[in-house]
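K.L.:
Structure here, sequence nowhere to be found:
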């Protein structure tokens with residue numbers, strides 16, 4: 001069916017499934033009691049950090065790939081041909097709809113960062129700063145997913161969400177791996193700013 005629990009979603013890397021949320025009315029949220037008292041503030045900080053560091057991560061990624069990526073990034077990193085979760089919510093959308101869209105976005109991003117990090121460890125093992133930034137971004141993203149999971153369970157009793165993931169880069173050429181990484185990161189830079197503008201007002205203190 002493509003519907004898997006949150007815990008399993010955190011472990012999945014590249015499972016292409018449909019993208020819709022399921023409202024579950026039973027008592028099944030596994031992490032309802034695990035929410036920290038400051039979960040909303042922590043989520044705000046995590047989104048702000050990702051937004052503030054996205055462009056730097058993309059620029060460093062390009063620098064480490066060398067030519068022709070450094071000089072032809074507009075052409076080679078155009079994300080038009082790749083899958084990326086649609087992000088159609090805005091400031092006037094219902095809070096639940098925003099939270100579900102955010103979960104889909106960051107679950108996808110987490111899996112994509114795993115692909116990119118694996119490829120860069122293979123292709124650029126000496127690019128310590130890039131690898132550190134990738135690891136830090138992944139760590140922040142995973143923390144954000146955990147908090148979104150908690151908020152969806154606590155506030156809406158949603159504990160299952162379908163998420164569609166992108167294609168794996170395994171088996172592709174070095175050039176294609178580099179290109180897929182720069183396409184995803186370029187799109188990430190474009191979307192994270194919008195996500196921050198939409199999400200943060202919904203997490204403002206009451």
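P.N.:
In hand now; what should we look at? The shown structure was predicted, so the numbers you read here are calculated from the model rather than taken from an experiment.
K.L.:
And the residue lying closest to residue 93 once chain neighbours are set aside, which helix or strand is it part of?
P.N.:
The shortest distance from residue 93 to any residue other than its chain neighbours is 7.3 Å, reached at residue 198 (Cβ to Cβ, 6 or more residues apart in numbering). (C-beta placed from N, C-alpha, C; glycine too.) Taking DSSP states H and E as the definition, one finds residue 198 inside helix 174-202.
K.L.:
just residue 144 next, same as before
P.N.:
Going by DSSP H and E, residue 144 is part of helix 128-156.
K.L.:
State the mean pLDDT of that helix.
P.N.:
The pLDDT scores in helix 128-156 average 94.
K.L.:
Would you indicate which residues of it are buried?
P.N.:
130-131, 133-134, 137-138, 140-154, 156 (16 or more other Cβ atoms under 10 Å).
K.L.:
Give me the pLDDT for residue 8.
P.N.:
What the model reports for residue 8 is a pLDDT of 38.
K.L.:
wait, doesn't the residue nearest to residue 93 sit right on residue 92?
P.N.:
No. Assessed by Cβ atoms under 8 Å, residue 198 is found out of contact with residue 92, at 9.4 Å.
K.L.:
Comparing those two, which residue is more hemmed in?
P.N.:
Using other Cβ atoms under 10 Å, the more surrounded residue of residue 198 and residue 92 is residue 198, with 19 against 8.
K.L.:
Could you measure from the more buried one over to residue 153?
P.N.:
Distance, residue 198 to residue 153, by Cβ to Cβ, to the nearest Å: 21 Å.
K.L.:
for residue 174, same thing?
P.N.:
Counting by Cβ to Cβ - residue 174 and residue 153 are separated by 41 Å.
K.L.:
re earlier: which elements pack onto the helix holding residue 198?
P.N.:
In terms of contacts (3 or more Cβ pairs under 8 Å, 6 or more residues apart in numbering; DSSP states H and E), helix 174-202 is packed against helix 39-65, helix 73-76, helix 95-123.
K.L.:
hmm, which helix or strand of this protein has the shakiest average pLDDT?
P.N.:
helix 6-11 (a mean of 40; mean pLDDT, DSSP states H and E).
K.L.:
how many neighbours does the closest residue to residue 58 other than its chain neighbours have?
P.N.:
The shortest distance from residue 58 to any non-neighbouring residue, by Cβ to Cβ, 6+ apart, is to residue 185 (4.5 Å). Residue 185 has 26 neighbouring residues, counting by other Cβ under 10 Å.
K.L.:
Repeat that for the one 10 residues further on.
P.N.:
Applying other Cβ under 10 Å, we find 21 residues neighbouring residue 195.
K.L.:
List the contacts of it.
P.N.:
With contact set as Cβ atoms under 8 Å, 6 or more residues apart in numbering, residue 195 has these partners: 47, 51, 87, 102, 105.
K.L.:
Out of the helices and strands packed on helix 174-202, flag the one nearest residue 82.
P.N.:
The closest of these to residue 82 is helix 95-123. By Cβ to Cβ, the value is 9.5 Å.
K.L.:
what residue ranges in this protein score low on pLDDT?
P.N.:
Low-confidence segments of the chain (pLDDT under 70): 1-34, 204-206.
K.L.:
ok, and for the helix holding residue 198, which residues are buried?
P.N.:
Neighbour-count burial for helix 174-202 [16+ other Cβ under 10 Å]: 177-189, 191-192, 195-196, 198-199, 202.
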